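1. With the input below, show me the fold.
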Amino acid sequence: MFQKTKKKERVMKIFRAEQSRTSFTLIELLIVISIIAVLTAMLLPALRKARESAQGIACLNHFSSLGKAATFYSDDYSDYILSVYAAGGSYSGVNWTNEAWYVSRTLRDYLQMRDSAPIGGASGQNKNKLYCPSAPAPIGSAGTYTASYTIGINNLIRYCSTTYPNGIKRAFLRQPSRGFYFGDNSAFEGGGVYIHPDPTLKDRPGFRHANACNALFFDGHASRVSSGKFPLKSMNAQAENTSFWKNWAPKNWNAEAEKIFAH
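-> Numbers count the residues shown, from 1 in each chain. Now for the predicted structure:
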């Protein structure tokens, strides 16, 4: 009986020793939590930056797709470029197919969109075709085009009806690789389907990719334009009179502004 008691005591001592070796003290637990917190703080910015970079690339690919579709459009419609409004709309910008770009059935076909939702809008099956993944939820009027768009067309195209009453053809463009066609807009601030060089207006470029705006140019290439290289009237009053905004009107280009925004 005495031997069994001794054996039981030895077993209990071994069990308690093993238990003390495998359990965490409060201090050890706090140290582990602190290490995890430090590692998380170090990794999160890198992960966030990687995610933003991936979203920027996805957005740029949207513009590349739009560039191909716009090229097909011009090829099929006697060299005319897309316009802001259909003929007879609020402004007299002319569109060869009499459709504003953002509801153009022709452009929708080129982009292989399957429903009638607005192109580049935040609803329907078309959303992921051109909607910028970096754009936060818009603040504008819910459910309207103004509130749901993340891309816009060069707004100055719509003021060309006097010089080009039948619309602008690619042949009229002087330096297509420098002419701004489409770009990120300030959708999260209520931006619309076009972009204006006046940054005091809601329809201005959106610099949401590392302080840069993704843009499509008339020659079909897409690239990122930093805020310092994007011609805005807040930087120079003659910004709109550059090859960037008015690629079809060299007689109106401002030489001084051209030097500032040359890229």
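
2. dump the residue contacts of residue 235.
-> Residue 235 makes contact with residue 260, according to C-beta atoms under 8 Å, 6 or more residues apart in numbering. Quick note: C-beta positions are derived from backbone N, CA and C, even for glycine.

3. Next secondary structure after the one helix or strand in the chain whose mean pLDDT sits lowest?
-> Scoring the helices and strands of the chain by mean pLDDT, DSSP states H and E places helix 145-148 at the bottom, with a mean of 46. From helix 145-148 onward toward the C-terminus, using DSSP states H and E, the following helix or strand is strand 151-154.

4. Skip the chain neighbours and tell me the closest residue to residue 84.
-> The shortest distance from residue 84 to any residue other than its chain neighbours is 3.9 Å, reached at residue 158 (C-beta to C-beta, 6 or more residues apart in numbering).

5. Pretty sure the one you found sits in a helix.
-> Yes: assigned with DSSP: H, G, I helix; E, B strand; the rest coil, residue 158 falls within a helix.

6. count of neighbours near it?
-> If you count neighbours by other C-beta atoms under 10 Å, residue 158 ends up with 20.

7. That one and residue 81 touch, don't they?
-> No: Residue 158 sits out of contact with residue 81 when judged by C-beta atoms under 8 Å, with a separation of 11.9 Å.

8. still on that earlier bit, distance of the residue nearest to residue 84 from residue 212?
-> Distance from residue 158 to residue 212, counting by C-beta to C-beta, to the nearest Å: 25 Å.

9. For residue 56, what is the enclosing helix or strand?
-> In this assignment (DSSP H and E), residue 56 forms part of helix 26-76.

10. list the helices and strands that helix packs on?
-> When contacts are defined as 3 or more C-beta pairs under 8 Å, 6 or more residues apart in numbering; DSSP states H and E, helix 26-76 sits against helix 105-110, helix 127-130, strand 151-154, strand 180-184, strand 212-217, strand 222-226.

11. weakest of the ones you listed in terms of mean pLDDT?
-> Set side by side, those differ in mean pLDDT, and helix 127-130 is lowest with a mean of 64.

12. correct me, but residue 256 touches residue 241?
-> No: using C-beta under 8 Å, residue 256 is not in contact with residue 241, being 9.7 Å away.

13. between these two, which one's more packed in?
-> Neighbours per residue, other C-beta under 10 Å: of residue 256 and residue 241, the larger number sits with residue 241, 21 against 10.

14. Surely the more buried one and residue 257 touch.
-> Yes: taking C-beta under 8 Å as the definition, residue 241 is a contact partner of residue 257 at 6.1 Å.

15. Quick one: residues contacting the nearest residue to residue 79 once chain neighbours are set aside.
-> Spatial nearest neighbour of residue 79, chain neighbours left out: residue 169 (4.2 Å); criterion: C-beta to C-beta, 6+ apart. Taking C-beta under 8 Å, 6+ apart as the criterion, residue 169 is in contact with 74, 78-81.
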